[in-house]
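K.L.:
here you go, sequence then predicted model.
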Amino acid sequence: MKPILLFVTLYTLTILSGCGSDPITDNWPVDVLYQEAKDALDVGDYETAIKYYEILEARYPFGKYAQQAQLDIIYGYYKYEEPESALVAADRFIKLYPRHSNVDYVYYLKGLINFELDQGMLDRFLPLDHSQRDPTASKRAFQEFSELLRRFPNSRYSQDARQRMIHLRNRLAKHELHVAKFYMKRSAYLAAANRAKTVVQAYPRTPAVPEALVIMAKAYKIMALNDLSDNALKVLTLNYPNHKGIAEVNNLVVK
């Protein structure tokens, strides 16, 4: 065995043996251990619940209790604000039990974890603008919810997933619009037009679309791409006839 592989194997065994050894639970049968973990989870003592679930998995890696523990611990990690551990546990569960009756719940949790991943403590007190943040987690959340709807369109979690996807589309479109505005301020007009075009094409029917059309019309006009500017303005006028950006484009004087 290669040294690195040997080290990883020994380290894993050490962790597992450590999780399986606990004076308080040493004499508990598997059903008692599971029930204590579940009781802790139900009352919000997520740290204790996770500890007991990990001990159960280490001691009794097979059977119905181990399977249910692997499912419950995903939620425990999520509520304990350990999203990466929750996602790892979720991926492991899906890989081991792809046809489990509650696997749709696991897909839903993956979406929910990513949905909330970029919301820090300050978000609870300050009205922060999510459009200025890295959209990676939002994109992953959208993908996970999409996968849930594709695989389980009649899942009990589908309706909530759809609503969250609408919110995510709006958030992602707003992010692209924010980037387009950033480029416009720095006179990077081609980049601005391209990012605004992404909003129109990838996120139609979102609130960011009319402002994206304004940016496209302005940027193309400044670059003397008049046909493209006129087309963007026509779409804007047809769909948002009262938008103030129409006058802004018409009154724009290019030097």
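P.N.:
Right, received. Where do you want to start?

K.L.:
could you list the low-pLDDT ranges of this protein?
P.N.:
By pLDDT under 70, the low-scoring segments of the chain are 1-23, 118-133.

K.L.:
can you point me to the longest helix in it?
P.N.:
helix 158-185 (DSSP state H).

K.L.:
next, count neighbours for residue 93.
P.N.:
22 (other Cβ atoms under 10 Å). (Each C-beta comes from the backbone N, C-alpha and C, glycine too.)

K.L.:
following the chain onward from the helix or strand where it lies, which element is next?
P.N.:
Using DSSP states H and E, the element containing residue 93 is helix 83-96. Remark: after helix 83-96, the chain's next helix or strand is helix 103-117, criterion DSSP H and E.

K.L.:
what's that following helix packed up against?
P.N.:
helix 64-79, helix 83-96, helix 136-151, helix 158-185 (3 or more Cβ pairs under 8 Å, 6 or more residues apart in numbering; DSSP states H and E).

K.L.:
make CSV from those and add distance to residue 102 to it.
P.N.:
Output for those, formatted as CSV (distance: least, Cβ to Cβ, whole Å):
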stretch, distance to residue 102
helix 64-79, 6
helix 83-96, 9
helix 136-151, 12
helix 158-185, 14
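
K.L.:
of all those helices, which one is nearest residue 52?
P.N.:
helix 64-79 (8.4 Å; Cβ to Cβ).

K.L.:
re earlier: which one of the helices and strands packed on helix 103-117 is the most hemmed in?
P.N.:
Mean neighbours per residue, mean count of other Cβ atoms under 10 Å, is largest over the helices and strands packed on helix 103-117 for helix 64-79, with a mean of 20.

K.L.:
what angle sits between that helix and helix 83-96?
P.N.:
150 degrees (axes from the mean of the first three to the mean of the last three Cα atoms, to 10 degrees).

K.L.:
what about residue 201, how many neighbours?
P.N.:
Residues near residue 201, counting by other Cβ under 10 Å: 10.

K.L.:
how near is it to residue 166?
P.N.:
18 Å (Cβ to Cβ, to the nearest Å).

K.L.:
likewise residue 83?
P.N.:
Distance from residue 83 to residue 166, by Cβ to Cβ: 22 Å.

K.L.:
now swap in residue 189 and tell me
P.N.:
In this view, residue 189 and residue 166 are 31 Å apart by Cβ to Cβ.

K.L.:
then residue 143?
P.N.:
Taken as Cβ to Cβ, the span from residue 143 to residue 166 is 15 Å.

K.L.:
now do residue 102
P.N.:
In terms of Cβ to Cβ, residue 102 sits 25 Å off from residue 166.

K.L.:
quick check: closest non-adjacent residue to residue 135.
P.N.:
residue 175 (4.8 Å; Cβ to Cβ, 6 or more residues apart in numbering).

K.L.:
repeat that for residue 146.
P.N.:
Nearest to residue 146 is residue 165, by Cβ to Cβ, 6+ apart, at 7.0 Å.
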